[in-house]
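Asks: Sequence below, structure please.
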Amino acid sequence: METSTQAVLLYSLAGGAILIYLPFFAVGWGRLQVGYDYQSPRAMLEKLPAYAKRATWAHQNGFESFTFYAPAAISAYVTQVDSQLALSVAIAYVIARFFYPIFYITNIAPARSLMFAIGSLSSMILYGLSILEINSSL
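Replies: Numbers count the residues shown, from 1 in each chain. Now for the predicted structure:
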């Protein structure tokens, strides 16, 4: 069964939104280790183990990345981009965003940076494909 580009774009949006919270499991574990501060949970950052601090930053980066990706995927969906490239970069975004927090939490900076670059490039390509699609229909 062949999956349409439109379906993959929608699935990538759902996957990308869910993956924002992947690193939060490590944050939660770190908070349990130091004792959760219900009075000021954000102030706990300095008390967290190093991996949990990195997980917090990975979690925050998930929001930042998704705010760039979501409009790109929606633009490609709305303009009905239908190409193997769009399908591939949508899948690449989800894969990169899955591995990004893993590499961040485990402190493998070069791999983390590569995943960030792949995610960002995926978004830029979808923006470009959307612009090309809309211009070809004018």
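
Asks: Can you give me the buried ones in the lowest-mean-pLDDT helix or strand in the chain?
Replies: Lowest on mean pLDDT, DSSP states H and E among the helices and strands of the chain sits helix 24-34, with a mean of 89. By neighbour count on 16 or more other Cβ atoms under 10 Å, the buried set for helix 24-34 is 24, 26, 27, 30, 31. Just so you know, the C-beta spots here come from the backbone N, C-alpha and C atoms, and that holds for glycine as well.

Asks: any idea how far residue 127 lies from residue 97?
Replies: For residue 127, the distance to residue 97 equals 17 Å [Cβ to Cβ, to the nearest Å].

Asks: Ramachandran coordinates for the residue most central in space within the chain?
Replies: For the chain, residue 97 is the residue whose C-alpha lies nearest the centre (Cα atoms, centre = their mean; 4.1 Å). Per-residue torsions, residue 97: phi -70, psi -20 (degrees, to the nearest 10).

Asks: For it, which non-adjacent residue is closest in space?
Replies: Nearest non-adjacent residue to residue 97, counting by Cβ to Cβ, 6 or more residues apart in numbering: residue 19, 4.7 Å away.

Asks: which strands and helices sit next to whichever helix or strand residue 91 is part of?
Replies: Per DSSP states H and E, residue 91 falls inside helix 84-105. For helix 84-105, the elements it packs on are helix 5-19, helix 50-78, helix 109-136, judged by 3 or more Cβ pairs under 8 Å, 6 or more residues apart in numbering; DSSP states H and E.
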